[in-house]
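A.B. asks: Just a sequence and a predicted model for now, questions to come.
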Amino acid sequence: MAAIDRKDYDGAVAALLRIRQAVSNAEQQVQFATLADEVRIKLLEAAPTQPKAAEALTVVRRITGGR
């Protein structure tokens, strides 16, 4: 979330990918899904005025299966 606050959208996506790869149980999957939802909301808010946020949102949607 700090990366998004800094408008480092590529960094935020990279961090989300690292976290997803580290998920090893159901509880962590729930936590990842919650985090991914929060990231998606922030990117949705930024996307209309920040082209990089819109690109990052597309990647996050792919990562999370379009949820």
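C.D. replies: That came in fine, so what should we check first?
A.B. asks: Just list the residues touching the spatially most central residue of the chain, thanks.
C.D. replies: By C-alpha atoms, centre = their mean, the chain has its centre lying nearest to residue 39, at 4.2 Å. Residue 39 makes contact with 1, 4, 12, 16, 60, according to C-beta atoms under 8 Å, 6 or more residues apart in numbering. Just so you know, the C-beta spots here come from the backbone N, C-alpha and C atoms, and that holds for glycine as well.
A.B. asks: The same query, at a cut-off of 10 Å, please.
C.D. replies: Contacts of residue 39 were listed using C-beta atoms under 10 Å, 6 or more residues apart in numbering, and they are 1, 3-4, 9, 12-13, 15-16, 19, 56-57, 60, 63-64.
A.B. asks: Which members of those come out as buried by neighbour count?
C.D. replies: Buried members of these, counted by 16 or more other C-beta atoms under 10 Å: 3, 4, 9, 12, 13, 15, 16, 56, 57, 60, 63, 64.
A.B. asks: Provide a list of residue ranges in this structure with pLDDT below threshold.
C.D. replies: For the chain, the stretches flagged by pLDDT under 70 are 66-67.
A.B. asks: now the helices: where do they sit in it?
C.D. replies: 2-5, 9-22, 26-46, 51-63 (DSSP state H).
A.B. asks: neighbouring contacts of the first one?
C.D. replies: Right, helix 2-5. Residues outside helix 2-5 that contact it (C-beta under 10 Å, 6+ apart): 8-16, 38-39, 41-43, 45-46, 53, 56.
A.B. asks: now with 7 Å?
C.D. replies: Applying C-beta atoms under 7 Å, 6 or more residues apart in numbering, the contact partners of helix 2-5 are 11, 12, 15, 39, 42.
A.B. asks: now do the second one
C.D. replies: Residues outside helix 9-22 that contact it (C-beta under 7 Å, 6+ apart): 3, 4, 32, 35, 36, 39, 52, 53, 56, 59, 60, 63.
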